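*Asks:* Pasted the sequence and its predicted model underneath.
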Amino acid sequence: MCGIVAYIGNKPALPVLLEGLKRLEYRGYDSAGVALLKDELILLKTAGRVRVLEEVITASKAPLDATLGIAHTRWATHGEPTDENAHPHTDDQSKGHGIALIHNGIIENYRALKTYLEERGHVFTSDTDTEVLTHLIGELYDGDLESAVQAALREVTGAYAIAVIVKSEPDVLVVARKGSPLMVGVGKDEYIVASDSSAIVAHTTQAFTLDDYTVARLTRDSFRTTTVDNVPITPQVRELEFDLEQIELGKYEHFMQKEIHEQAQALRMCLKGRADSREGQIVLGGLADLARTLVKARRIIFVGQGTAFHAAMIGEYLMEDLAKIPSEVEFSSEFRYRNPIIEEGTVVIAISQSGETADTLAAIQEAHARGATTLGIVNVVGSSLARETDAGVYLRVGPEIGVASTKAFLGQLMTATMIAAFIGRRRFLSNEYVSNLMEDLEAIPDHIQRVVDQSDHIRSVTERYISRENWLFLGRGYNYPVALEGALKLKEISYIHAEGMPAAEMKHGPIALIDHGMPVVFVAPRDSQYDKVISNIEEVRSRGGHVIAVATEGDESIRDHCEDVFYVPAVPEPLQPMLTSVPLQLLAYHAAVLRGKDVDKPRNLAKSVTVE
């Protein structure tokens with residue numbers, strides 16, 4: 001959520017800033033703004049989308065050729081999405097130094113700081129915690145912006161990623177980070193700072209990520225990094241993991257559509273070099289040093305939020321099924337606050353696409369503090385979760401821009417399957433079993449493509465039901481979390497109310513919701529609970545519900561029990577979720593498009609939730 005872009009170099013900053021903001025729109029926001037610094041500090045901001053900001057800029061008569069600037073997209077936390085609350089914020093209008101600041105995160109002690117500053121004569125014009133930090137830096141400023149930022153951050157409690165400029169130092173950009181992502185792209189006599197590498201990759205492929213409590217002072221031809229206590233540190237400049245083409249729409253109308261269609265290739269990349277069906281081996285280099293610890297694990301706890309939580313639920317099934325280790329799954333936000341019991345031999349596995357999910361990071365820190373071994377399943381290389389955990393496995397599915405996760409979710413399932421088999425092979429699984437499982441796993445990408453090829457059929461079925469405002473998604477076993485994920489997808493991008501639950505739970509209350517014509521989606525492949533699911537389908541139909549089934553190819557008999565069928569290839573039960581999820585992704589996508597919704601930027605949602 002929120003987006004930061006900042007630039008210092010030898011070319012006009014404004015085009016770089018606006019392009020960067022557009023790259024970050026997928027993160028979710030409700031206002032936008034820029035500050036440019038040359039001879040004067042120019043501030044332009046507004047509630048609304050970046051296109052509204054562009055209109056404000058076009059209407060302004062201010063000189064816009066500055067080569068230093070900062071820009072921001074805000075997702076409201078403190079204060080409504082208004083022009084006054086939009087970033088950038090400046091220090092005190094009457095006695096200020098011309099400081100402008102943008103900020104992601106939350107300053108938890110802003111009220112106490114605001115009271116102190118008001119007693120010092122500061123007058124505030126917004127409801128934000130960010131303006132308080134800006135005034136605090138102004139209060140401490142004495143000609144050295146870097147020192148003022150360091151001093152201010154020593155007084156701050158909370159999370160922040162900030163970029164700061166000041167009128168009296170037109171050749172300096174200061175940035176800092178704690179608990180909210182920020183990286184610095186290193187170009188030729190220029191630096192591009194952003195909260196996400198997608199805003200950097202068009203300009204340079206070299207970048208470094210700021211660690212917590214790190215401050216960077218950037219000029220046009222050099223930089224230095226220190227802690228907030230002014231202790232010098234040396235960052236690691238690395239190559240970005242993707243190129244510009246991967247974050248462009250190409251022939252697709254929406255990023256979600258593109259990412260659904262990319263899933264077959266994405267999973268091939270996830271598997272590459274890791275699964276060897278001929279030898280019956282799984283090679284996960286990130287876990288090699290902890291293999292013995294994992295084999296001896298007595299209990300595994302998966303943590304995640306949203307779609308990652310659903311992947312974690314399937315991870316629990318996989319770990320108990322393939323590795324025979326007692327496992328459970330918890331929301332990260334609950335785990336971190338409920339005084340969890342961590343005993344010897346406990347492994348906590350965190351799942352996050354971005355690796356920056358605030359609750360999941362806090363859960364891992366809590367697990368560490370209690371002595372657990374921690375693993376990460378994450379997509380973004382160099383992210384906070386990747387650095388905080390003892391070890392982990394990258395998804396390698398490429399950047400995911402659509403807010404509604406698709407290919408990252410399947411990557412999480414693929415990775416969780418490999419981890420469970422990796423441990424299981426070292427515990428009791430035979431070479432033959434793992435060899436067969438890996439052979440089936442290697443076939444998954446081709447199977448996914450066959451499901452995606454049904455997109456037009458899925459659209460035509462969806463079109464018949466989009467006027468209905470209440471849906472149920474039901475499944476059993478491995479496909480119960482798939483039902484939850486299907487309901488979430490429909491909710492978050494089409495705004496249709498949907499509930500997912502175990503199919504047997506329907507009779508314990510929710511069956512009262514079913515009336516004539518209500519769409520009920522059953523995830524019903526041929527598996528160990530197939531007959532039970534058919535019984536549940538009949539219970540729905542007898543009450544007038546319209547059943548859409550996700551079924552196994554060749555299962556013609558299921559047509560006698562439902563109105564519509566989406567078929568998926570037959571695979572072993574532990575691998576079914578990677579296929580049964582895909583028709584539900586397409587259903588949600590087509591429902592949103594047919595209802596005229598903004599698929600890639602659903603209201604109130606952010607791609608990466610970096611604050612509580």
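*Replies:* Thanks, I have the structure now.

*Asks:* can you pull the contacts of residue 208?
*Replies:* Under the criterion of C-beta atoms under 8 Å, 6 or more residues apart in numbering, the contact list for residue 208 reads 183-184, 186, 235-238. In this view, the C-beta of every residue, glycine as well, is placed from N, C-alpha and C.

*Asks:* helix, strand or coil for it?
*Replies:* In three-state terms, and counting by DSSP: H, G, I helix; E, B strand; the rest coil, residue 208 is strand.

*Asks:* Show me the shaky parts of the protein.
*Replies:* Across the chain, residues meeting the criterion (pLDDT under 70) sit at 1, 27-28, 78, 93-94, 242-245, 606-612.

*Asks:* quick one on the thing from earlier: looking at the contacts of residue 208, spot the one nearest residue 342.
*Replies:* The closest of the contacts of residue 208 to residue 342 turns out to be residue 236 (C-beta to C-beta; 31.0 Å).

*Asks:* For residue 381, see how far away that closest one is.
*Replies:* From residue 236 over to residue 381 the distance is 12 Å, taken as C-beta to C-beta, to the nearest Å.

*Asks:* Have a look at those two and say which one is more surrounded.
*Replies:* Higher neighbour count among residue 236 and residue 381: residue 381, with 17 against 8, using other C-beta atoms under 10 Å.

*Asks:* Touching, the more buried one and residue 393? I think so.
*Replies:* No. With contact defined as C-beta atoms under 8 Å, residue 381 and residue 393 do not form a contacting pair (11.6 Å).

*Asks:* Nearest to residue 165 among the contacts of residue 208?
*Replies:* Compare each of the contacts of residue 208 with residue 165 using C-beta to C-beta and the shortest gap goes to residue 184, at 15.0 Å.

*Asks:* can you pull the contacts of the closest one?
*Replies:* Residue 184 touches 175, 191-193, 207-210, 216, 218, 223, 235, counting by C-beta under 8 Å, 6+ apart.

*Asks:* ditto for residue 498
*Replies:* Residues in contact with residue 498, defined by C-beta under 8 Å, 6+ apart, are 470-473, 486-488, 490-491.

*Asks:* Now with 10 Å, please.
*Replies:* Shown here is residue 498, whose contacts under the criterion C-beta atoms under 10 Å, 6 or more residues apart in numbering are 469-473, 483-484, 486-492, 519, 521, 588, 591.

*Asks:* In the helix or strand harbouring it, which residues are buried?
*Replies:* With secondary structure defined by DSSP states H and E, residue 498 is part of strand 497-502. Judged by neighbour count using 16 or more other C-beta atoms under 10 Å, the buried positions of strand 497-502 are 498-502.

*Asks:* for residue 224, helix, strand, or coil?
*Replies:* Under three-state DSSP, residue 224 falls in the strand class.

*Asks:* Run through the residues that contact it.
*Replies:* Contacts for residue 224 (C-beta under 10 Å, 6+ apart) come out as 146, 215-218, 232-235.

*Asks:* which of the contacts of residue 208 count as buried?
*Replies:* Among the contacts of residue 208, those that count as buried by neighbour count (16+ other C-beta under 10 Å) are 183-184, 186, 235.

*Asks:* Now for the closest residue to residue 603 other than its chain neighbours: which residues touch it?
*Replies:* Distances taken as C-beta to C-beta, 6 or more residues apart in numbering place residue 495 nearest to residue 603, at 7.5 Å, with adjacent residues excluded. Going by C-beta under 10 Å, 6+ apart, residue 495 touches 469, 591-592, 595, 597, 602-604.

*Asks:* What are the buried residues along stretch 45-62?
*Replies:* Within stretch 45-62, the residues that qualify as buried by neighbour count (16+ other C-beta under 10 Å) are 45-50, 53-54, 56-57.

*Asks:* Over to stretch 504-518?
*Replies:* Burial within stretch 504-518, assessed by neighbour count using 16+ other C-beta under 10 Å, is assigned to 506, 514, 518.

*Asks:* can I get those in JSON lines with distance to residue 292 and secondary structure?
*Replies:* Rendered in JSON lines, the data for the buried residues of stretch 504-518 read as follows (distance: C-beta to C-beta, whole Å; DSSP: H, G, I helix; E, B strand; the rest coil):
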{"residue": "506", "distance to residue 292": "44", "secondary structure": "helix"}
{"residue": "514", "distance to residue 292": "51", "secondary structure": "coil"}
{"residue": "518", "distance to residue 292": "52", "secondary structure": "coil"}
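
*Asks:* Which member of these is positioned nearest residue 569?
*Replies:* Minimum separation from residue 569 among these (C-beta to C-beta) is found for residue 506, which lies at 27.2 Å.

*Asks:* Surely that closest one and residue 513 touch.
*Replies:* Yes. Under the criterion of C-beta atoms under 10 Å, residue 506 lies in contact with residue 513, with a separation of 9.0 Å.

*Asks:* and the gap between residue 502 and residue 339?
*Replies:* Spatial separation of residue 502 from residue 339 under the definition C-beta to C-beta is 28 Å.

*Asks:* Which residue ranges of the stretch 51-200 of the chain form helices?
*Replies:* Defined through DSSP state H, counting those that start in this stretch, the helices belonging to the stretch 51-200 of the chain, from first to last, are 110-119, 129-140, 145-153.

*Asks:* Among the ones you listed, show me which one is buried the most.
*Replies:* Burial among these, expressed as mean neighbours by mean count of other C-beta atoms under 10 Å, is greatest for helix 129-140, which shows a mean of 25.

*Asks:* Packing partners of that helix?
*Replies:* The helices and strands touching helix 129-140, judged by 3 or more C-beta pairs under 10 Å, 6 or more residues apart in numbering; DSSP states H and E, are strand 89-90, strand 99-104, helix 110-119, helix 145-153, strand 160-166.

*Asks:* so which of the ones you listed gets nearest residue 227?
*Replies:* The stretch from the helices and strands packed on helix 129-140 with the least distance to residue 227 (C-beta to C-beta) is helix 145-153; that distance is 8.2 Å.
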